[in-house]
Structures are given as structure tokens and as C-alpha cells.
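Visitor: Sequence unavailable; structure follows:
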């Protein structure tokens, strides 16, 4: 595979169509928890050492006679629809880059797989279509996808191959990029043109809170993948889907590639049947805030109890500003409790203006306009402020430079509780212990760590936790799907594992 020119580009967005905020172009440009929009040769420096698919692809391609042609990489924090302007501008830049680098031997794209734009419910399918319009159907096109991808028939038809994350928390993002390069190598080798595809959609949705791959049965599903791969079955993947996306093809899928059509189909069918059989074992143990706090306060191991505010996870389109769990901590007179992160730029500015050790009276959170959500009005002591720039240290985000604007550590002014809140100016999922430590808090010394995350936090927090409890508090990321008002989801899909079948809504 020597002397080959391979164009590389990436555009990441996970679209929660029920979220209150959208993603304009500016959200893809700015740096936050991930790098901002990066073009050309700067990609190599920006991606170096990071746990991202494009970084893994670059590493795998290095050291040989491969010329990588960098176009751009960008992402935006999960939200509702991507503006059509943003989508069109980014895809135009990718396509212009492909034309500039022509002729090309192959193209690699670092995609998510659950993007929905204002005009298209299959963002990646449309992106691949426009790329094919530039490179034609003879140039190999390989992409990596997030574990939560809602893989569509159009995506399968337009790409020659996909490599999908196999862990949640996503500690294998760079590894997925490496596997994408290996798949491209096999496709472009002696067997080029003879690779076969197999694709299956499962008939039920899986809430993100039930998708963690460190627990059964998802652990078992992903453990099966490498055992099905061999010289004839090259790549075996399972995309668990992103359920808060009101699109026709939402839900889990099996994706398989190889050189022997019969073996590829048999392997895909085996994985499909295995995942169907696992449906009865998928669990979603959500507690009310009062139940979770009661259990946490009764724990006396000396280690913190983690309360995951799973439905206000900004990593799944949540606003990260709902105050249901905060109110419950105060109501239950919790002690040694820290909640992170409430996204409230105004509160952060007020703390900065007042200064450390001063008292402020503010309306905290609840400003995203979600039904039934209002701010928490109270007095707080400012214990610390920072610029929001810090280096992540956990297994998933290690080496990532966070840049989430002015931040503050606030202590609730009520004398009958001991509750503190970390406030930020930009949304970031609370998935890394560095979020606490850079604010001067040692997380292992707390009684309760209340965090706005669904699963990603587990890679860094589970090793220090006495217990982890999933809390059903208000938020824009639904983890119970039975009452989600789907309008575009195909009829016949079970809304949850072993749940009722979705019926077409009357318009």
C-alpha cells in the first residue's frame, strides 16, 4: 500500500432532536472540551497524542509510503439540530479540499453517525453523498463512527467500510481510527473490489444509560466482536444507537465487512441474534433524586458515592443547567457534596466580579427554557474561580485541553447543608476528575460527587467510588423512552428493551 495519497477529514456532531439549543457554525469553530475547527497541516499537531479517531488513523498510517492529505477536523458539543448553514459550509470545505488534493487513492472521514441537520435527518448520509459527488464511486471511502451512531441504509451504500467504537465510555476512539486504517489496507490490497457488506437494524432502542460496555450484557456483545473476525470476516461492529434522535432509522445496528459473502452474512446474523437474545438482560436502574441521595448519605465506606444526573448530560445534548438534583441535595441536607458542572455564564461572571470569599445572591441554572425548569435562587460563597483552561487526565480525555470559559466554585449559603457547585461558561460533560482538581477539590475526599454525565464518567470515577447511582432528574436527554414524542421513528420498533412497540403518530 505504498505511495498512496489519502485525504483525511472529520466532522463530529451527536444530534439530540429534543434538546433546547441548536448547533450553528460558530459551535464547530470554537474550542471547548475538544479542539476547535482545525485545517490543513495543523491537524497533525492538534491531533497528536489525543484519544480521537483521526489521531489513531494518522498514527496507523505513519512510517510508511502513505501521503496523508489533511483537510479539516471539527466538532460541536451535542445539541439539537445542526444549522443547515453550518453543515453546508463544513461539507463545502471538505469537498473543496478533496478537489484541491486530487487525484486521490482513498478518503478517510472521522464522523459520528448521529448527525441531524435542519433539512436532513441523515446528516452523515448526505455528507457521504456529497463527498461521492467529488471523488466518484471508484475511490475507496472509509469512515469511523461513534458507538452511538444511528447507522442508515444510505450510509452503508455510500461508504466502502465503517469502523465503530467498541467501548462506552469511549476509551478506544483512537483505536477505532487505527482499525479504520487496517480495514482500508485490506480493502485496497489483493482483495480490493471483493469486499462484502452485511447490515442489520435491531427492532428496539437502548437508552444510553443501559449501553455501558463494562457491564453485561453490552460487555458480552462487544466481547463477541473480535471472536467473529478472521481472514474472511475483516471487521465486525455493533453500533448501539442514539435514541434521542427523532429519525426513521434510529436505533442499534450490526455492521460487518469481509471478503467471503457467506461468512460475512453468517457472522452478521450471529451477532444480530446474540444482541436480540441480550434484550431481556438490558437494565436501566434509575432512581429518584431523593432515593439516590438517601442511599448516598447512608454509605459510610469513606469513599464518595457518585450520583449521575443522566438526563442533563451535555454530552448527549443536555443543557447542563437543570437544578433538580441540586435542589434535592439542599432539601435532603446533604454534607460533603459537590455538583458539577452547571453551565451558567452569568453566575460565573458574578463570582468573578465579586471575588473569592465573597457572598453573592444569584439565580443559578435553569435558564435554558425547558418546560418546568426555573433557576435556583440563593446565596452562595465564592470559594474559587478559574479561567476554565485545564488539561484532562482520565482514560477517555487524557491529553485533551479543556477551554470552557470562566469557572467558579460556589458553596450554598444554607447553614443546614454542605453543598458546593462547580459552574462553567461553556458546556462540558463531567467525565474527568481534573474538573474537580483544577478547582481545588480532591474528589476522593468528598461524600457525594453529583455529576452531569450518563456513562462516560465511569472510566475515571468508578475506580474511586463506593457506589454509582443513576438519577432520574429533569433534563433534555431522556433515559426513559416510553413517553418520548417520536414522530419520524419507523413504526414497529420497541421503544425500550422488552418495551412497547412504537406506533405511527397521527398528524
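Guide: Arrived safely. Computed from a predicted model, the values in this text were never measured in an experiment.

Visitor: Next, residue 444: secondary structure please.
Guide: helix (DSSP: H, G, I helix; E, B strand; the rest coil).

Visitor: what's across from residue 254 in the sheet?
Guide: Assessed by DSSP bridges, residue 254 has beta-bridge partners residue 200, residue 238.

Visitor: Remind me what the helix or strand harbouring residue 56 packs against, helices and strands.
Guide: Using DSSP states H and E, residue 56 sits in helix 53-61. Applying 3 or more CB pairs under 8 Å, 6 or more residues apart in numbering; DSSP states H and E, we find helix 53-61 packed against strand 4-12, helix 42-47, strand 66-75, strand 106-111, helix 173-188. In short, each C-beta sits where N, CA and C put it, glycine included.

Visitor: Same list (these) but as a markdown table, adding mean pLDDT, distance to residue 383 and mean neighbour count.
Guide: Shown next, in a markdown table, are the helices and strands packed on helix 53-61 (pLDDT from 0 to 100; distance: least, CB to CB, whole Å; neighbours: other CB atoms under 10 Å):
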| stretch | mean pLDDT | distance to residue 383 | mean neighbour count |
| --- | --- | --- | --- |
| strand 4-12 | 97 | 35 | 23 |
| helix 42-47 | 96 | 34 | 17 |
| strand 66-75 | 97 | 32 | 21 |
| strand 106-111 | 98 | 39 | 26 |
| helix 173-188 | 96 | 34 | 23 |
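
Visitor: right, and those - which one's nearest residue 301?
Guide: For residue 301, the closest of the helices and strands packed on helix 53-61 is helix 173-188, at 32.6 Å, according to CB to CB.

Visitor: counting contacts, what elements does that closest one pack onto?
Guide: Where contact means 3+ CB pairs under 8 Å, 6+ apart, helix 173-188 is packed against helix 53-61, strand 106-111, strand 141-145, strand 161-164, strand 233-239.

Visitor: thinking again about what came up before, how about CSV for the helices and strands packed on helix 53-61, with distance to residue 474 added?
Guide: What follows is the helices and strands packed on helix 53-61, written out as CSV (distance: least, CB to CB, whole Å):
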stretch, distance to residue 474
strand 4-12, 27
helix 42-47, 36
strand 66-75, 26
strand 106-111, 31
helix 173-188, 30
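
Visitor: just so I know, which of these lies nearest residue 462?
Guide: Checking the helices and strands packed on helix 53-61 against residue 462 by CB to CB gives helix 173-188 as the closest, at 18.7 Å.

Visitor: picking that back up, quick one: closest of the helices and strands packed on helix 53-61 to residue 377.
Guide: Between the helices and strands packed on helix 53-61, strand 66-75 lies closest to residue 377; by CB to CB that is 34.8 Å.

Visitor: neighbours of residue 485, just the number please.
Guide: 8 (other CB atoms under 10 Å).

Visitor: and if you look at residue 346?
Guide: Neighbour count for residue 346, taken as other CB under 10 Å: 14.

Visitor: Now the helix or strand in which it is found: buried residues?
Guide: Assessed by DSSP H and E, residue 346 sits inside helix 345-354. Residues of helix 345-354 classed as buried by neighbour count (16 or more other CB atoms under 10 Å): 347-352, 354.

Visitor: Also stretch 23-33?
Guide: Using 16+ other CB under 10 Å as the test for burial, stretch 23-33 gives 23, 25, 27-28, 30-33.

Visitor: Quick one: distance of that stretch to the chain centre.
Guide: 15 Å (CA atoms, centre = their mean, to the nearest Å).

Visitor: What separates the first and last residues of that stretch, distance-wise?
Guide: Distance between the two ends of stretch 23-33: 15 Å, counting by CA to CA, to the nearest Å.

Visitor: what's that stretch in contact with?
Guide: The contact list for stretch 23-33 (CB atoms under 8 Å, 6 or more residues apart in numbering) reads 11, 13, 15, 36-37, 74-77, 79-83, 85-86, 89-90, 392, 397, 400-404, 426-429.

Visitor: One more: stretch 365-375?
Guide: By CB under 8 Å, 6+ apart, stretch 365-375 touches 20-21, 319, 321-323, 326, 342-344, 346-347, 363-364, 376, 474-476.

Visitor: Next, count neighbours for residue 418.
Guide: Other residues within reach of residue 418, judged by other CB under 10 Å, total 18.

Visitor: The chain should start at 339 in everything you say after this.
Guide: OK, 339 is where the count begins now, so the last one is residue 756.

Visitor: show me the contacts for it.
Guide: 672-675 are the contacts of residue 756 under CB under 8 Å, 6+ apart.
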